[in-house]
Structure formats: C-alpha cells, structure tokens
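Colleague: Got a predicted model here, sequence first, then my questions.
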Amino acid sequence: MADAPITKILTAIKALVETPSLTFHINRTDDEPLDESERPGVIVRVPHMAFEDYSNQGQDLVRATLHFDFMSSGTAGETIDEQNQTGIADTLKLIAADRTLGGRLHRWEATAVSGSEQNGADLGTAILEMEVVFFVLRDDPLLIVGLSGVTF
C-alpha cells in the first residue's frame, strides 16, 4: 500500500534537514525515548491535521501541525539550552533553502518554539512548532498535488 501523504512529507523533511550531527526520527513514541547516543536528536511528530474542501478543484487542502522535539544532553527546564538553540537555527536555515519541499508544499512556516520539562533532569528539550500546507486529490487522497499540479 502507498504511504500516506503526511508520511511522504515527513520522509522528505528528514532527507532535507537531517545532518550527521543532528539525527531525525519520525513519530517515535514516548515508549522509545532517544538514548544518550542518539542525542542531540529530533523527534518529528504530527499532533494535528485539518482539512479544507477544495472540491471545485478536485482537491482537499491539508494543514498539518508538526512538532520537532529537539533533545539535547543538556539540563531540563523551560529555557532552551544552547545546543537546542543551535539545532533549531540550523534546521530553520536548511528549511529556508527549500520551503516548498521540492514542490510538495504550498506553505511551510515556523509558528512557535518552547522549552519543555517533560523529559526529566538529564535531558533538555525544545519544541519547534511548524505548519505545512499541501493539497491531496479528493478521489485519491494518497496523492499529494504539488505546485504546478505535479503529483507525489
């Protein structure tokens, strides 16, 4: 079976932004936290998706909220440690190089960054929240309709 459109988007994001010094993990659960050898690292999650009817074009618009959970070996707290600040800045720079993700997306923007205490005293976490907007075919919702009508 073909991958869901959001899985295609997350896989393309990982290919764009992963570096040897900052690994990305897609939809890793709380039961599988990053171990020390995987930090600094990022877990990319999709906590929310909304759809808008564009049936007159044979499509649906999809707005997906993405959380990039940056995890360092720093200390926890609601402040963003230097390692995570650098990781976020480097990731945003890579994203700026291809805001359409090879023509798949119509919009990709950062919306917020926050610190988190959820992971305990030995781990610094910062959450970069982003929104991606793309279209899918109404009659074949596994196909992304990219810029200029190209399908993915």
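Modeller: Ah, there it is.

Colleague: what residue ranges in the chain are flagged as low confidence?
Modeller: 74-79, 117-123 (pLDDT under 70).

Colleague: State the distance from the residue at the greatest distance from the centre of it to residue 81.
Modeller: Here the chain reaches farthest from its C-alpha mean at residue 56, the gap being 29.2 Å by Cα atoms, centre = their mean. Distance of residue 56 to residue 81, given as Cβ to Cβ, to the nearest Å: 48 Å. Where you see a C-beta, it was placed from the backbone N, CA and C, and this is true even at glycine.

Colleague: cool, and residue 93?
Modeller: Counting by Cβ to Cβ - residue 93 and residue 81 are separated by 19 Å.

Colleague: Mind listing what's buried along the longest helix anywhere in the chain?
Modeller: Criterion DSSP state H: the longest helix present in the chain is helix 82-96. Under the neighbour-count criterion of 16 or more other Cβ atoms under 10 Å, helix 82-96 has 83-84, 87-88, 91, 95 buried.
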